[in-house]
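Engineer: I would like to see how this sequence folds:
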Amino acid sequence: MPPKPASLLTFSLAELEQVTKEGVYASNASRDFHLFYVGRDDVHGILQYLLSRVRTSLYLKLIAEHFVAVRQGGGLSGTTRKAQK
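Structural biologist: The predicted structure is shown next:
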C-alpha cells in the first residue's frame, strides 16, 4: 500500500505553484490567496492534491463567472440548471 500524502496541517499555497500555467507564481503574489482559472490552470490537479490530504473536512469556495454575473444583475437568460448526478 502506498504511503499516505501529508495532511493539510502544514499546507502552503506555494505547493500549488506547479499546477499553474506558468509553473510559478508572480514574485508579488500573495502568500495567503491565489485565484486559479479553469482551462488555464490544472484545477483538477489542485483538487486531487487537496482532497488526497484531507483528514477531517474541507471548505472550498468555488465561484463561477455566471454566478457573479447574476449577483451583479446581469442575469443568465434561462441557462441556470441544477447539477445532475
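Engineer: how many other residues sit next to residue 45?
Structural biologist: Burial of residue 45, expressed as a neighbour count using other CB atoms under 10 Å, amounts to 13. No exception for glycine: its C-beta is placed from N, CA and C like everyone else's.
Engineer: my read is it is in a helix, agree?
Structural biologist: Yes. Using DSSP: H, G, I helix; E, B strand; the rest coil, the secondary structure at residue 45 is a helix.
Engineer: going forward can the numbers begin at 44, since that is how I track them
Structural biologist: All set: I'll call the first residue 44, so the last point we hit is now residue 88.
Engineer: OK, contacts around the residue lying closest to it once chain neighbours are set aside?
Structural biologist: Take residue 88 and drop its neighbours on the chain: the residue closest to it by CB to CB, 6 or more residues apart in numbering is residue 62, 4.5 Å away. With contact set as CB atoms under 8 Å, 6 or more residues apart in numbering, residue 62 has these partners: 79, 84-86, 88-89, 92.
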